[in-house]
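S.K.: next input, structure requested:
(chains A and B)
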Amino acid sequence: MLGKRILDEMFADALDGYPLEACGLLGGSVDEPGTARVETCYPTVNVAASARIYEVEPRGLLRADRAAEAAGGQLVGVYHSHTHTEAKPSPTDVTQAPDPDWHYVLVSLRDTCPSVRSWRITAGKITEEPVVLQ
Amino acid sequence: MPVDVRLPTVLRPAAGGQATVATEGVTVGEVFDDLIRQHPALRDQLLTSDGELHRHLNIFLNDDDIRYLGKLDAKVGEHDTLTLMPAVAGG
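M.R.: Residues are numbered from 1 along each chain as shown, chains lettered A, B, ... in the order given. Okay, here's the model as predicted:
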């Protein structure tokens, strides 16, 4: 579950980073197991500086983690853009997914309008979940 | 030297569910030795079979990445905090 402001921030970051992949962390709360309420978007530097892969800048990750905790929540997921493919985890996304409890949000810039989808990645398997705007 | 080690959620099951583990050591390597002594299940998630740090692990001594402080040889001070976080990457 996320607010329109969060969606706007992710889309803006993805478009700003184009033609490279953009990435960032999502802070919020876990209301019930398997779901999350995203309160804050933390854009980070993609140190891979690539149109095909992303790597969140480590200190940006630390800052986001601390900011999410200071706000009374936690990191609940990560977003990144796919510049020319659909908003679905790539094999690289699946093999490198850092935390099975996280939500993996993909922004696609393949079409004229950006699109967003969210996924869980557990033990190498992906499962789509609904994105609920609040 | 007392040093707190903060663990990410993905590593907590290997440490009995703890988010923070109190350790002793004067280098990051000694802190890791103590951490693994207390929670042996963490070893393979922190170190390679050669005893090197896993590449997918970020380790911060307070605000600084230990890759720039000497890695396992980095000195730690009293009441420092080591924060472990998984690398976040994909394609």
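S.K.: mind listing the helices for the chain?
M.R.: Unless you meant another one, I'm taking chain A. Along chain A, the stretches classed as helices by DSSP state H are A:4-17, A:58-70, A:91-96.
S.K.: sorry, should have said chain B
M.R.: Using DSSP H, the helices found in chain B span residues B:28-38, B:43-46.
S.K.: middle-most residue in chain A, spatially?
M.R.: By Cα atoms, centre = their mean, chain A has its centre lying nearest to residue A:79, at 1.2 Å.
S.K.: quote the end-to-end distance of stretch A:26-45.
M.R.: 14 Å (Cα to Cα, to the nearest Å).
S.K.: do stretch A:79-95 as well
M.R.: First-to-last residue span, stretch A:79-95, Cα to Cα: 16 Å.
S.K.: just the mean pLDDT for stretch A:80-92, thanks.
M.R.: If you average the pLDDT over stretch A:80-92, you get 97.
S.K.: likewise stretch B:78-86?
M.R.: Stretch B:78-86 comes out at a mean pLDDT of 94.
S.K.: hmm, who's touching that stretch?
M.R.: Here stretch B:78-86 makes contact (Cβ atoms under 8 Å, 6 or more residues apart in numbering or on different chains) with A:58, A:61-62, A:65, A:98-99, B:1-8, B:10-11, B:28, B:31, B:46, B:56-62, B:66, B:76. (C-beta placed from N, C-alpha, C; glycine too.)
S.K.: those, buried ones only, as a PyMOL selection?
M.R.: Of those, the buried ones go into a single PyMOL selection, burial set by 16 or more other Cβ atoms under 10 Å in any protein chain shown:
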select buried, (chain A and resi 58+61+62+65+98+99) or (chain B and resi 3+5+6+7+8+10+11+28+31+46+57+58+59+60+61+66+76)
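S.K.: show me what contacts residue A:123?
M.R.: residue A:100.
S.K.: any idea how far it lies from residue A:100?
M.R.: Distance, residue A:123 to residue A:100, using Cβ to Cβ, to the nearest Å: 7 Å.
S.K.: rewinding a little: tell me the most buried of the helices of chain B?
M.R.: Counting by mean count of other Cβ atoms under 10 Å in any protein chain shown, helix B:28-38 has the highest mean neighbour count of the helices of chain B, with a mean of 19.
S.K.: roughly how far out does that one sit from the chain middle?
M.R.: Relative to its chain's centre, helix B:28-38 lies at 8 Å (Cα atoms, centre = their mean, to the nearest Å).
S.K.: contacting residues around that helix?
M.R.: Outside helix B:28-38, the residues that touch it by Cβ under 8 Å, 6+ apart are B:3, B:5, B:15, B:21, B:23-25, B:42-43, B:46-47, B:59, B:61, B:66, B:69-74, B:76, B:82.
S.K.: swap in 6 Å and give it another go.
M.R.: With contact meaning Cβ atoms under 6 Å, 6 or more residues apart in numbering or on different chains, helix B:28-38 is reached by B:3, B:5, B:21, B:23-25, B:42-43, B:66, B:72, B:74.
S.K.: closest to residue A:11 among the residues you listed?
M.R.: residue B:66 (35.4 Å; Cβ to Cβ).
S.K.: what pLDDT is listed against that closest one?
M.R.: Residue B:66 is given a pLDDT of 95.
S.K.: do residue A:31 as well
M.R.: pLDDT for residue A:31: 84.
S.K.: count the neighbours of the residue in chain A positioned nearest to chain B for me.
M.R.: Here chain A gets closest to chain B at one residue, residue A:92, 3.0 Å apart by Cβ to the nearest Cβ. A total of 14 residues lie near residue A:92 under the criterion other Cβ atoms under 10 Å in any protein chain shown.
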